[in-house]
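**Student:** this one's structure only:
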């Protein structure tokens, strides 16, 4: 069933056959939900900023030697309306919207505000896909039982995912509380590549991917990157993943596993600085390209 499309579509695609809902294999949903920000606010504007910046991303990808959007088409939906909805109600709205897209056979890309949205998305994916791992690129573990009294905080999103019984692989982590560190040490379902270890471990990517199950959902918090790459985020931390380092990991995952969907969250646009939203738009397009390219090779 056709959905309401956004007039500001990803990349500014003009060919109707390449951006209509029915004709597109990839669908982008915007989730401008921001309720539990704990430092800098503004992530609710992130999805729209990424879409606007995407109009300046080249269609052609020199690494993959193709115009990626022509492989499957990319439809961009109207943003979900969170008026009057917080916590469980917001999660339920996201879960139901995502499930509807999956039922239509779409590859779902979600642009979020705060990281909380990932819980609703993953609940839908967990119902559809067995043997699911959530691969998390992030500065923070987000494994607190609750933060500031709220179990649906952005700082607790991966604990909610963990409580679904899923396998979790993390990369770029460099900020957490003792509660989170102890959970990681005690669990056989959480595999963490800490940022401080990455330079001394040449095999960290391969080892992390080995701990992923057959189906992989990817959640990318913009602060997982070094702030020189993604400066406009809600809770920045020094260090983190470099641009090509992250691309190498994502390419390896797409080659080795069945990537079933992904989200990008926590872009908090800063006036006069478009670097973060542009880089995230390019990252989304890159990851779509890796997914479509390796899916074709496997088929």
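**Tutor:** Yep, that arrived. Quantities reported herein were computed from a predicted structural model and do not represent experimental measurements.

**Student:** For this structure, give me the ranges with low pLDDT.
**Tutor:** 1-2, 36-41, 299 (pLDDT under 70).

**Student:** Contact partners for the residue most central in space within it?
**Tutor:** Central residue of the chain (Cα atoms, centre = their mean): residue 263, 2.3 Å from the mean position. Residues in contact with residue 263, defined by Cβ atoms under 8 Å, 6 or more residues apart in numbering, are 109-112, 117-118, 121, 218-220. Where you see a C-beta, it was placed from the backbone N, CA and C, and this is true even at glycine.

**Student:** Of those - the most surrounded one?
**Tutor:** residue 117 (33 neighbours; other Cβ atoms under 10 Å).

**Student:** Tell me if residue 161 really is in a helix.
**Tutor:** Yes: under DSSP: H, G, I helix; E, B strand; the rest coil, residue 161 sits within a helix.

**Student:** ok, it touching residue 122?
**Tutor:** Yes: between residue 161 and residue 122 there is a contact at 5.3 Å, judged by Cβ atoms under 8 Å.

**Student:** Spell out which residues are contacts of both of these two.
**Tutor:** residue 134.

**Student:** end-to-end on stretch 13-20?
**Tutor:** End-to-end distance of stretch 13-20: 10 Å, with Cα to Cα, to the nearest Å as the criterion.

**Student:** Need the residues that contact it.
**Tutor:** 2, 5, 9-10, 23-24, 69-70, 73-76.

**Student:** quick one: which of those is nearest to residue 238?
**Tutor:** residue 10 (31.2 Å; Cβ to Cβ).

**Student:** separation between the closest one and residue 189?
**Tutor:** Applying Cβ to Cβ, to the nearest Å, the value for residue 10 to residue 189 is 33 Å.

**Student:** And residue 210, by the same measure?
**Tutor:** Residue 210 sits at a distance of 14 Å from residue 189 (criterion: Cβ to Cβ).

**Student:** At which residues are the helices of the stretch 1-150 of the chain located?
**Tutor:** Remark: helices assigned in the stretch 1-150 of the chain by DSSP state H, counting those that start in this stretch are 46-54, 69-72, 87-103, 117-128.

**Student:** Would you mark the buried spots in the third one?
**Tutor:** This means helix 87-103. Buried residues in helix 87-103, counted by 16 or more other Cβ atoms under 10 Å: 90-91, 93-95, 97-99, 101-102.

**Student:** Out of those residues, which is nearest to residue 228?
**Tutor:** So of those, ranked by how close each gets to residue 228 (Cβ to Cβ), first place is residue 94, at 31.3 Å.

**Student:** I'd assumed residue 31 was in contact with the closest one.
**Tutor:** Yes: shown here, residue 94 and residue 31 form a contact pair, counting by Cβ under 8 Å, at 6.0 Å.

**Student:** tell me, what's touching these two both at once?
**Tutor:** Contacts common to residue 94 and residue 31, judged by Cβ under 8 Å, 6+ apart, are 80, 117, 121.

**Student:** So which of those residues is the closest to residue 277?
**Tutor:** residue 117 (16.9 Å).

**Student:** From residue 272, how far off is that closest one?
**Tutor:** Per Cβ to Cβ, residue 117 is found 27 Å from residue 272.

**Student:** Check residue 92 too.
**Tutor:** Counting by Cβ to Cβ, the gap from residue 92 to residue 272 is 37 Å.

**Student:** next one: residue 83
**Tutor:** With distances taken as Cβ to Cβ, residue 83 is found 30 Å from residue 272.

**Student:** before we move on, what about residue 80?
**Tutor:** 28 Å.

**Student:** Look at the two and report which has more neighbours.
**Tutor:** Taking neighbours as other Cβ under 10 Å, residue 80 and residue 272 compare with residue 80 leading, 21 against 5.
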